[in-house]
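> got a sequence here, can you build the structure:
(chains A and B)
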Amino acid sequence: KAGVTQTPRYLIKTRGQQVTLSCSPISGHRSVSWYQQTPGQGLQFLFEYFSETQRNKGNFPGRFSGRQFSNSRSEMNVSTLELGDSALYLCASRRGELSTGELFFGEGSRLTVL
Amino acid sequence: DAKTTQPPSMDCAEGRAANLPCNHSTISGNEYVYWYRQIHSQGPQYIIHGLKNNETNEMASLIITEDRKSSTLILPHATLRDTAVYYCIRPWAGNMLTFGGGTRLMVKP
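Residues are numbered from 1 along each chain as shown, chains lettered A, B, ... in the order given. A predicted model of the protein is given here:
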């Protein structure tokens, strides 16, 4: 069974650009959530999608957005990149909406903003 | 408040039990406690979760106090590959997880 797949794994952008990250959840999982990890702030929740609807959103500016497609794949977008957006962006999936089970994480997309 | 409190770091000798404490004094009666770990440069990995009874799986045991204000994750025979950051987490907004600073466990030979 394939795990959570994130692409690209590494990317470098410059300030002011925008970036799109992709996440393919485990087959059959309908919930996808995104996290940002930085050395200073740790792992912070960005947003969660279930059945193409955003269910929860963390405390991030509107430059951070996401969406989920009918096949449960998800993308997140960061516009007008800032240096502080350099981070590891992690995607996680779970089977159901209200499951108390585990989150399965991908290996992350490491974004460097110059 | 969905915060938990964990010591920032701990050491453990290889082959010995690693006991990682977590304080969640404001937890409500129907909130689960989850444990994840993150090995360097990898995504977090689920370990175990529990509500009020002690739980055990192939990776670890989870001991939850009777008042549910704290819990302990036990790795019975720590190996060098268990060196990681361990997160004790409570759900946020009903279902999502907020990660705190975690405990950096160093298993030493």
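> any idea which element the residue most central in space within chain A lies in?
Nearest to the geometric centre of chain A sits A:Trp34, at 3.2 Å (CA atoms, centre = their mean). For A:Trp34, the host element (DSSP states H and E) is strand A:31-38.
> that strand pairs with which strands, parallel or anti?
With DSSP bridges as the test, strand A:31-38 is paired with strand A:42-50 (antiparallel), strand A:87-94 (antiparallel).
> can you put the ones you listed in JSON lines and add mean neighbour count?
In short, each C-beta sits where N, CA and C put it, glycine included. Below are those laid out as JSON lines (neighbours: other CB atoms under 10 Å in any protein chain shown):
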{"stretch": "strand A:42-50", "mean neighbour count": "21"}
{"stretch": "strand A:87-94", "mean neighbour count": "24"}
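> of all these, which lies closest to A:Ile26?
Closest to A:Ile26 of those is strand A:87-94 (CB to CB; 5.3 Å).
> next secondary structure element downstream of that closest one?
Counting by DSSP H and E, what follows strand A:87-94 is strand A:104-105.
> now that following strand: how far from the chain's centre is it?
Put simply, strand A:104-105 sits 11 Å off its chain's centre (CA atoms, centre = their mean, to the nearest Å).
> what residues does stretch A:87-97 touch?
Outside stretch A:87-97, the residues within contact range by CB atoms under 8 Å, 6 or more residues apart in numbering or on different chains are A:4, A:6, A:21, A:23, A:25-26, A:28-38, A:43, A:46, A:50-51, A:55, A:72, A:74, A:76, A:101-106, A:108-111, B:43-44, B:95.
> quick one: buried ones out of those?
Taking 16 or more other CB atoms under 10 Å in any protein chain shown as the criterion, what is buried in these is A:4, A:6, A:21, A:23, A:25-26, A:29-37, A:43, A:46, A:50, A:55, A:72, A:74, A:76, A:102-106, A:108-111, B:43-44, B:95.
> which stretches of chain B form strands?
B:9-13, B:18-23, B:33-38, B:45-50, B:55-56, B:61-64, B:70-75, B:84-89, B:91-92, B:96-97, B:103-108 (DSSP state E).
> quick one: residues contacting the residue nearest to the centre of chain A.
A:23, A:45-48, A:66, A:74, A:76, A:89-92.
> re the thing from before, can I get the strands of chain B in TSV with mean neighbour count and mean pLDDT?
Listed next are the strands of chain B as TSV, based on neighbours: other CB atoms under 10 Å in any protein chain shown; pLDDT from 0 to 100:
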stretch	mean neighbour count	mean pLDDT
strand B:9-13	14	97
strand B:18-23	20	96
strand B:33-38	23	92
strand B:45-50	19	92
strand B:55-56	15	96
strand B:61-64	19	96
strand B:70-75	20	96
strand B:84-89	24	93
strand B:91-92	18	66
strand B:96-97	22	67
strand B:103-108	17	96
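> how about those strands in TSV, adding distance to B:Lys3?
What follows is the strands of chain B, written out as TSV (distance: least, CB to CB, whole Å):
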stretch	distance to B:Lys3
strand B:9-13	18
strand B:18-23	9
strand B:33-38	12
strand B:45-50	17
strand B:55-56	22
strand B:61-64	17
strand B:70-75	13
strand B:84-89	10
strand B:91-92	10
strand B:96-97	12
strand B:103-108	14
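> of all the ones you listed, which one is nearest A:Tyr10?
Comparing the strands of chain B by CB to CB, strand B:33-38 comes nearest, at 18.2 Å.
> distance of A:Phe69 relative to chain B?
21 Å (CB to the nearest CB, to the nearest Å).
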